[in-house]
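[1] model this:
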Amino acid sequence: MMYVKMNNSQIVMSEYRRSEVMSAAELKEIISFVGIGLLILAIVFIQLSRRKLSGIFRVIVSFIAYACLIIGALIVFYVVLSGPTG
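    So this is what the prediction gives:
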């Protein structure tokens, strides 16, 4: 990854190197993003099933939506209760 740095009115391009191993905080961040994404997906599916769909498709999409809601809530609950990383 390249980044640009201003140094005494000169532009210096340097390469930023990071380690290959993710820290615990970065891992928890990714896990929380997955949980938030599942919650947003649940909102979209619930609105879709209530407003646009009918019949068996409505039941299937509602089931998927509520499954996403429960899994996303459990993930966010885990991330919040596990506390900060040290």
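[2] What are the boundaries of the strands in this protein?
    Per DSSP state E, the chain carries strands over the ranges 2-7, 10-15.
[3] Quick one: mean pLDDT for the last one?
    Translated: strand 10-15. Averaged across strand 10-15, pLDDT comes to 59.
[4] Next: the first one.
    Summarised as a single mean, pLDDT over strand 2-7 is 59.
[5] cool, stretch 57-65 as well?
    The average pLDDT for stretch 57-65 rounds to 96.
[6] Give me the contact list for that stretch.
    In this structure, residues lying in contact with stretch 57-65 by Cβ atoms under 8 Å, 6 or more residues apart in numbering are 41-42, 45-46, 48-50, 53. Placement of C-beta: from N, CA and C, glycine included.
[7] wait, which of these is closest to I70?
    Distances from I70 to the contacts of stretch 57-65, taken as Cβ to Cβ, are shortest for A42 (8.6 Å).
[8] distance of that closest one from I30?
    Distance from A42 to I30, counting by Cβ to Cβ, to the nearest Å: 19 Å.
[9] try V44
    Distance, V44 to I30, using Cβ to Cβ: 21 Å.
[10] before we move on, what about I36?
    As judged by Cβ to Cβ, I36 and I30 stand 11 Å apart.
[11] Looking only at neighbour counts, state which of the two leads.
    Neighbours per residue (other Cβ atoms under 10 Å) separate I36 from I30, with I36 holding more: 14 against 10.
[12] my guess is that one contacts C68, does it?
    No: distance between I36 and C68: 11.3 Å, which falls outside the contact criterion (Cβ atoms under 8 Å).
[13] can you pull the contacts of L74?
    G35.
[14] how about 10 Å then?
    When contacts are counted by Cβ atoms under 10 Å, 6 or more residues apart in numbering, L74 is found next to 35, 38.
[15] Let the chain start at 15 from now.
    Got it, first residue is 15 now, which makes that one L88.
[16] so what sits against both of I50 and C82?
    A shared contact of I50 and C82, defined by Cβ under 10 Å, 6+ apart, is any residue touching both; here there are none.
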